[in-house]
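Engineer: pasting the sequence and the predicted model now:
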Amino acid sequence: MDDMSVTATTALDVERVRVDFPYLEELQGGKQVAFLDSAASSQKPRQVLDAMSRFYESSYANVHRGVYRLAERATEELEAAREKVRALLNAESSREVIFVRNATEGLNLVAYSYGLNSLGPGDAVLVTELEHHSNFVPWQYMANRTGASFRMLPLDDNGELRLDRLDEVAGDDAVKVVAVGLTSNSLGTNNPVEQLAEWAHERGAILVCDGAQAAPHRKLDVQALGCDFLAVSGHKMCGPSGAGALWGRAELLERMEPFLLGGHMIRSVGDEVTTWGALPHKFEAGTAPMAEAVGFGAAIDYLAGVGFEAIEQHERALVTYALERLGELPWVTTYGPPPEKRAGIVSFNVEDVHPHDVAQILDLDAVAIRAGHHCCQPLMRKLGVVATNRASFYLYSTAAEVDRLVEGLHRARRMFA
Ligand SMILES: Cc1ncc(COP(=O)(O)O)c(C=O)c1O
């Protein structure tokens, strides 16, 4: 398959997209880098870098404080970025959109501000075997701290959640929180969050969705998903590091205690008692990641301009092709569901070659993939491995890069096996 066929079937002009990403011009040993680690963090288009430079050059002042024009401009830009996140997630109101540094911080916010105050003995938190540590550890910690029980929904052999086991896993405890990722960063599995949300709500539980790995690749709709919280990271979706967002239902956020204290989240400070600002500011302590939020907003504009549907189709074509090519290699084991049930992520192992060795050999050919446990140690235990290799695709990835990955694997196999 050549790059033209990807373009023809998806309507995403990958060569046109690639021009926007300065990093992709860099040569390593005379070769363009095949950057196949976008699930960890994506590369950035010029449009995002320019928006951040412009903000620093002409709109920079602290927000929500000054009454002078520059400060007002900075505040307007931050709030315009918030509105872009609201639209991206189809949230009802931008009051429900809280800027955080990343998805991890958003999920910790929910664990501390909701979990710590709602859980106790006799309650249960239910997570899945697929979770990234960021949506696993905060809940395990809160369960241990509050005396609640901590339950894990298992996977089937395809890497899909065993919904048929939900009632059994929940047991007799009162499930208060169901925490699930929309897309697995390790297997790429797209999880049935809508169904899990329905199940959670029937039991009076909330559903906390980790959207970090889904938001870069498809249009999300928190109302259709039926979740109660959803966290995303800007840096995985062409935005800068340091800007993410947590969406939460206003009625829950209103009832919750704040997470971090100080700065604009405060309404008034008495000698004895302090009161909190209105949403979303109640959860935004200290100086906001202003330029980062503006960059995040520009990234959302960029992705929307390319089209989420086109991005999803492009990645689906690439992941289908990658699974096909890897499937031709009897010494490669791939993990996870068929392409139609996953995002552009493939985890695999090469027989008798440690994933770190594979990744280092690929780097000699300027192919960048990830090796490790991918912050999913419970999943690695389930798979019976300590680590995997992972190739992940994004809107700038090409079929030729998949070919280079496969060539590199042949080389690794020849050197080690
Ligand atoms: C599914 C998933 N959740 C959460 C995270 C954490 O994201 P961040 O490091 O931006 O907080 C990641 C990052 O790899 C992820 O893939």
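Structural biologist: Received, thanks.
Engineer: what's the closest non-adjacent residue to Gln47?
Structural biologist: Tyr302 (5.0 Å; CB to CB, 6 or more residues apart in numbering). Quick note: C-beta positions are derived from backbone N, CA and C, even for glycine.
Engineer: for that neighbour, what are phi and psi?
Structural biologist: Backbone torsions for Tyr302, taken as degrees, to the nearest 10, come to phi -60, psi -50.
Engineer: and the average pLDDT for stretch 163-183 is what?
Structural biologist: For stretch 163-183, mean pLDDT is 97.
Engineer: spell out which parts of the protein neighbour the ligand.
Structural biologist: 40, 102-104, 132, 134-135, 181, 185, 210, 212-213, 233 (CB under 6 Å from any ligand atom).
Engineer: now with 8 Å, please.
Structural biologist: Neighbours of the ligand within the chain, by CB under 8 Å from any ligand atom: 39-41, 101-107, 131-135, 181, 183-185, 210, 212-213, 231, 233, 235-236, 244, 374-375.
Engineer: now the helix or strand encompassing Phe348: how far from the chain's centre is it?
Structural biologist: Element membership of Phe348, judged by DSSP states H and E, is strand 345-350. Its chain's C-alpha centre and that of strand 345-350 lie 19 Å apart, by CA atoms, centre = their mean, to the nearest Å.
Engineer: what lies in contact with the lengthiest strand in the chain?
Structural biologist: Secondary structure of the chain per DSSP state E: the longest strand is strand 174-181. Strand 174-181 has contacts (CB atoms under 8 Å, 6 or more residues apart in numbering) with 107, 114-115, 118-119, 122-128, 130-132, 135-136, 139, 148, 151, 153, 161, 191, 193, 196-197, 199-200, 203-214.
Engineer: ok so, going back, go through the residues of the chain next to the ligand and flag which are in strands.
Structural biologist: Using DSSP E, these in strands are 181, 210, 231, 233, 244.
Engineer: may I have the beta-bridge partners of the nearest residue to the first one once chain neighbours are set aside?
Structural biologist: Nearest residue to Gly181, sequence neighbours excluded (CB to CB, 6+ apart): Asp210, at 4.0 Å. Applying DSSP bridges to Asp210 gives these bridge partners: Gly181, Ala231.
Engineer: burial measure for Asp210, as a count.
Structural biologist: Here the number of neighbours of Asp210 (other CB atoms under 10 Å) works out to 34.
Engineer: check which residues of the helix or strand where Gly295 lies are buried.
Structural biologist: Element membership for Gly295, per DSSP H and E: helix 290-306. Judged by neighbour count using 16 or more other CB atoms under 10 Å, the buried positions of helix 290-306 are 290-303, 306.
Engineer: just those residues now: which is nearest Glu57?
Structural biologist: Relative to Glu57, the closest of those is Ala291; by CB to CB it sits at 10.4 Å.
Engineer: just the helices in the stretch 301-417 of the chain please.
Structural biologist: 308-327, 355-364, 377-383, 399-416 (DSSP state H, counting those that start in this stretch).
Engineer: check the secondary structure at the residue of the chain most remote from its centre for me.
Structural biologist: Taking CA atoms, centre = their mean, the residue of the chain most remote from its mean C-alpha position is Asp271, at 41.1 Å. Under DSSP: H, G, I helix; E, B strand; the rest coil, the three-state class of Asp271 is coil.
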